[in-house]
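**Student:** output the structure for:
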Amino acid sequence: LLLGCELTASTKSYTFQVDEEDDSDHILALSLVCLTDGAKDECNVVEVIGRNHENQEIAVPVANLKLSCQPLLSLDNFKLQPPVTFRLAAGSGPVHLAGWHRIMHREDASFEEDDDLSEEDEEELPPIMPAKK
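**Tutor:** The predicted structure follows:
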């Protein structure tokens, strides 16, 4: 799924979250951050706000855009785990963010049963003999 949002002076943040009851794994990848029509020649700092391994909120700047010297930045599919908030920490934008969202469905119980069968198959293979010197 494609993702796109715009941060402006009036809409300084955008939060991407998934239903907490959803047990699928979600990956959000940020590919491009760019200034769009109407941007002033000022520093526009975009932060990503997420949670670290201790579940503490952390904010990390990912882009500092200025119309005259760096109007866009490729983030090469910078992967994030939702929930995540994008915030315009400085500047008035508009800044467009583009990326994609992938849902990885966890395997169901039938997959585990198949896994057990493959282990039995492996046990029937003859043992590996040491090489003759």
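**Student:** hmm, His101 and Leu28 touching each other?
**Tutor:** Yes: under the criterion of CB atoms under 8 Å, Leu28 lies in contact with His101, with a separation of 5.3 Å. C-beta coordinates here come from the backbone N, C-alpha and C atoms, glycine included.
**Student:** for this structure, name the helix or strand with the lowest mean pLDDT.
**Tutor:** In the chain, the helix or strand scored least confidently by mean pLDDT, DSSP states H and E is helix 109-123, which has a mean of 46.
**Student:** circling back to that earlier point, shared neighbours of Leu28 and His101, anything?
**Tutor:** Counting by CB atoms under 8 Å, 6 or more residues apart in numbering, the residues touching both Leu28 and His101 are Leu3, Phe16.
**Student:** the more surrounded of the two?
**Tutor:** When neighbours are counted by other CB atoms under 10 Å, Leu28 comes out ahead of the other of Leu28 and His101, with 23 against 15.
**Student:** buried ones in the one helix or strand the more buried one maps to?
**Tutor:** Under the criterion DSSP states H and E, the helix or strand holding Leu28 is strand 25-35. Neighbour counts over strand 25-35 (16 or more other CB atoms under 10 Å) mark His26, Leu28, Leu30, Leu32, Val33, Cys34, Leu35 as buried.
**Student:** out of those, show me where the pLDDT dips lowest.
**Tutor:** For these, the least confidently modelled position is His26, at 83, judged by pLDDT.
**Student:** isn't that one up against Arg102?
**Tutor:** Yes: between His26 and Arg102 there is a contact at 7.3 Å, judged by CB under 8 Å.
**Student:** how about Phe78: what's its closest non-neighbour residue?
**Tutor:** With CB to CB, 6 or more residues apart in numbering as the measure, Leu30 is the residue that lies nearest to Phe78, at 4.6 Å, once sequence neighbours are left out.
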